[in-house]
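Asker: Show me how the following folds:
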Amino acid sequence: MEKIIIDTPGYRSEVLVGEKLGNVGTLLPVKGIAIITDDNVLKLYGKSFPEFPVFSVTPGEESKKLEVIERLAERLLEGGIDRSGFILAVGGGVVCDIAGFLASIYMRGIRCGYISTTLLSQVDASTGGKNGVNLGDTKNILGTFTQPEFVICDTVLLQTLSEREYLSGLAEMIKTAIIGDKYLFDLIEKSVVAIKNRDNDLLTDLVAKSVRFKALVVSEDEKESGIRRILNFGHTFGHAIEMYHSVNHGFAVAAGMELSTDFSFSRGLISKEEKERITDILKRFGLLENYNIPDNQIDRYIIHDKKKSGSEIHFIFTGGIGKAVAEKIPVSAVTDFYKLYKKTNK
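Answerer: Have a look, this model is predicted:
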């Protein structure tokens with residue numbers, strides 16, 4: 001088990017990679033706890049939960065909305081959870097988002113911790129304190145920064161993920177490698193078969209490397225005013241694809257990374273060889289699928305991106321494997337590139 005610390009000006013969070021779900025009791029207060037999970041996780045692991053009230057939501061993005069937060073808050077109130085209470089999330093990115101958002105606003109803020117059950121959540125969503133809910137077709141537009149006291153990344157839980165959910169998380173791991181860890185990219189590249197076979201020791205090492213990088217970034221820039229923006233590589237196009245097509249987050253981000261890599265190449269920021277290595281690794285894991293957004297719709301989705309500021313947007317390019325380049329560019333440059341890419345890659 002490896003303990004990774006996220007130190008921010010207002011809070012300290014521990015990410016425990018390789019810790020087990022069954023050991024969570026040692027990290028919890030003795031009372032005032034509510035568990036938030038989803039129906040799938042409850043069915044798989046509910047018997048291993050500590051004995052506290054459990055509130056379960058429908059799996060998937062449809063639960064990331066204010067009506068669900070309101071219902072959960074009512075149940076916390078009915079259950080006698082007060083300002084000394086604690087929310088334990090057991091689930092993937094959606095559950096951790098919901099639990100973190102609820103913990104940040106319930107009675108003006110109560111404590112929380114996560115047991116992360118998906119690869120996507122372990123390498124990205126549950127670490128760093130960002131949480132949010134969707135508003136209509138705009139993703140994560142309502143959100144807060146709330147650091148969990150701890151995050152347990154039990155990699156054994158990854159064995160029960162569907163193939164698509166597993167690969168969805170792998171896309172975020174590849175993103176981490178592209179923006180900040182060339183060694184991690186090399187390791188993924190030479191371990192394709194073992195990763196596909198879900199070798200647990202390898203997964204624990206890969207998750208730990210991903211979390212260590214994100215912890216460094218978040219500790220330096222918790223509120224995403226500077227370097228933390230690089231974690232959004234692939235997400236400007238990816239969020240548009242995710243909301244328009246209602247596909248898994250990781251597959252949408254993979255498509256967004258392919259687009260962003262090609263955009264980087266068109267601006268002379270990356271060599272053809274590295275562009276092809278990035279595209280190739282995404283293809284080897286079956287992450288690249290065709291997602292077309294009509295020209296008259298792409299503008300609307302990019303305009304709603306929360307990284308937009310006026311007529312400009314903070315866009316993340318790659319300057320080569322292991323290096324990210326953040327640049328504020330016109331929104332029109334992003335949409336124009338998308339339209340040109342789709343036209344020339346039919």
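Asker: Not counting its neighbours along the chain, what's nearest the residue nearest in space to the middle of the chain?
Answerer: The chain has residue 125 as the residue nearest its centroid, 3.1 Å off, counting by Cα atoms, centre = their mean. Of all residues not flanking residue 125 in the chain, residue 93 sits nearest, at 3.2 Å (Cβ to Cβ, 6 or more residues apart in numbering). All C-beta spots, glycine's among them, are computed from the backbone N, C-alpha and C.
Asker: Burial check on residue 78, number of neighbours?
Answerer: Taking other Cβ atoms under 10 Å as the neighbour definition, residue 78 ends up with a count of 9.
Asker: Quickly note the distance from it to residue 36.
Answerer: Relative to residue 36, residue 78 is positioned 15 Å away (Cβ to Cβ, to the nearest Å).
Asker: try residue 105
Answerer: In this view, residue 105 and residue 36 are 14 Å apart by Cβ to Cβ.
Asker: out of these two, which sits in the busier spot?
Answerer: Taking other Cβ under 10 Å, residue 105 and residue 36 do not tie; residue 36 has more neighbours (26 against 13).
Asker: Am I right that that one sits in a helix?
Answerer: No: under the criterion used here (DSSP: H, G, I helix; E, B strand; the rest coil), residue 36 is strand, not part of a helix.
Asker: pretty sure it contacts residue 63?
Answerer: No: under the contact definition of Cβ atoms under 8 Å, residue 36 does not touch residue 63, with a separation of 10.2 Å.
Asker: any residues in contact with both of those two?
Answerer: Here residue 36 and residue 63 share the contacting residues 57, 98, scored by Cβ atoms under 8 Å, 6 or more residues apart in numbering.
Asker: which stretches of the chain form helices?
Answerer: 39-45, 66-78, 93-105, 119-120, 163-180, 182-190, 192-196, 200-220, 235-245, 249-266, 272-284, 295-303, 331-344 (DSSP state H).
Asker: Helix 182-190 and the longest one, what's the angle between them?
Answerer: What that stands for is helix 200-220. Calculated by axes from the mean of the first three to the mean of the last three Cα atoms, to 10 degrees, helix 200-220 forms an angle of 150 degrees with helix 182-190.
Asker: Return the distance of helix 200-220 from the chain's centre.
Answerer: 13 Å (Cα atoms, centre = their mean, to the nearest Å).
Asker: Output the contacting helices and strands for it.
Answerer: Using 3 or more Cβ pairs under 8 Å, 6 or more residues apart in numbering; DSSP states H and E as the contact criterion, the secondary-structure elements in contact with helix 200-220 are strand 2-7, strand 12-17, helix 163-180, helix 182-190, helix 192-196.
Asker: What's the local residue count around residue 246?
Answerer: By the criterion of other Cβ under 10 Å, residue 246 has 12 neighbours.
Asker: Give me the distance between it and residue 134.
Answerer: Shown here: residue 246 relative to residue 134, a distance of 11 Å by Cβ to Cβ.
Asker: Now list whatever residues contact both of those two.
Answerer: In terms of Cβ under 8 Å, 6+ apart, residue 246 and residue 134 are both contacted by the residues residue 61.
Asker: one step back: could you verify my assumption that the residue nearest to residue 125 touches residue 123?
Answerer: No: Residue 93 sits out of contact with residue 123 when judged by Cβ under 8 Å, with a separation of 10.2 Å.
Asker: out of the two, which sits in the more crowded spot?
Answerer: Ranked by neighbour count (other Cβ under 10 Å), residue 93 and residue 123 place residue 123 first, with 30 against 24.
Asker: Name the nearest residue to that one, sequence neighbours excluded.
Answerer: Once its chain neighbours are removed from consideration, residue 123 has its nearest residue in residue 210; the separation is 4.1 Å (Cβ to Cβ, 6+ apart).
Asker: cool, residue 27 as well?
Answerer: Ranked by Cβ to Cβ, 6+ apart and with sequence neighbours excluded, the top spatial neighbour of residue 27 is residue 150, at 5.3 Å.
Asker: Can you pull the poorly scored residue ranges out of the chain?
Answerer: Scanning the chain with the threshold set as pLDDT under 70 gives 306, 346.
Asker: So it: which segments form each domain?
Answerer: For the chain, the domain assignment from automatic domain parsing gives the residue ranges 2-160, 163-344.
Asker: distance between the ends of the longest one?
Answerer: End-to-end distance for domain 163-344, by Cα to Cα, to the nearest Å: 31 Å.
Asker: mind checking how far that domain is from the chain centre?
Answerer: The chain centroid and the centroid of domain 163-344 are separated by 11 Å under Cα atoms, centre = their mean.
Asker: which outside residues touch stretch 61-81?
Answerer: Stretch 61-81 is touched from outside by 32, 34, 36, 38, 53, 55, 57, 85, 87, 94, 97-98, 101-102, 105-106, 110, 132-135, 140, 142, 246, with contacts defined as Cβ under 8 Å, 6+ apart.
Asker: circling back to that earlier point, for the residue nearest to residue 125, give its distance to residue 276.
Answerer: Summarising the geometry, the distance separating residue 93 from residue 276, computed by Cβ to Cβ, is 30 Å.
Asker: Kindly report the same for residue 6.
Answerer: Distance of residue 6 to residue 276, computed by Cβ to Cβ: 35 Å.
Asker: More neighbours: those two, which one.
Answerer: residue 6 (23 against 12).
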